[in-house]
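> Any chance you could fold what I've pasted below:
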Amino acid sequence: MATERKVVHTRHVLAVKDLRVEDAYFREKLGFDHDFSAPGWEFLSFGIFKVMLGECSDEMTAEETGNHSWFAHALVENVDEVLKIALTRSPVPLEEQVEEHLAFGPQIAEDPNVQQDSVMH
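A predicted model of the protein is given here:
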C-alpha cells in the first residue's frame with residue numbers, strides 16, 4: 001500500500017530590499033499576521049497562506065525579473081471583500097488600483113520592492 005503524500009503547510013520565500021519596510025507593508029497594507037521573527041527574516045501569514053520575508057538588499061527587484069517574478073497562485077474565499085480591504089489600505093488611489101486590477105486579472109497585491117511578487121487570486 002502506498003504511503004499517503006500530505007503537505008502539512010508551505011511558506012513562500014520572498015527576498016526583499018528592506019525587511020522593515022516590507023514587513024510593515026505586508027502587515028499594515030495587506031493584512032498579514034506576524035508569526036515570528038529570526039535575524040534577517042520575518043514570518044507572516046494571511047490565513048493558511050504563509051510567507052517568509054528575507055532581507056536581500058543587494059538583489060534585483062521583482063520588477064527587474066519580469067515574468068520570473070510570479071511565484072504563487074492562491075484561491076481566496078471572499079476575494080471581493082479581501083480586495084476591498086487591501087485597496088483601502090494602499091496609498092495608490094482606488095481608481096488606479098481598480099484599473100490595474102482589471103488590466104492584469106485578479107492580482108491584488110504586487111509590491112515592486114519584493115524580489116518575488118506576492119500574488120493573491
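
> where exactly do the strands run in the chain?
12-16, 33-38, 41-46, 49-55 (DSSP state E).

> Ok, which of those comes nearest residue 1?
strand 49-55 (31.2 Å; CB to CB). For every residue, glycine as well, the C-beta is placed using N, CA and C.

> What are the contacting residues of the closest one?
9-19, 22-23, 26, 32, 35, 40-45, 72, 74, 114, 118, 120 (CB atoms under 8 Å, 6 or more residues apart in numbering).

> same check, this time on stretch 29-40
19, 23, 26-27, 42-46, 50-51, 54-55, 82, 85-86, 89-90, 109, 118.

> that older thread, mind putting the strands of the chain into JSON lines with distance to residue 66, mean neighbour count and mean pLDDT?
JSON lines is the format used below for the strands of the chain (distance: least, CB to CB, whole Å; neighbours: other CB atoms under 10 Å; pLDDT from 0 to 100):
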{"stretch": "strand 12-16", "distance to residue 66": "16", "mean neighbour count": "19", "mean pLDDT": "89"}
{"stretch": "strand 33-38", "distance to residue 66": "30", "mean neighbour count": "11", "mean pLDDT": "96"}
{"stretch": "strand 41-46", "distance to residue 66": "25", "mean neighbour count": "19", "mean pLDDT": "96"}
{"stretch": "strand 49-55", "distance to residue 66": "21", "mean neighbour count": "19", "mean pLDDT": "93"}
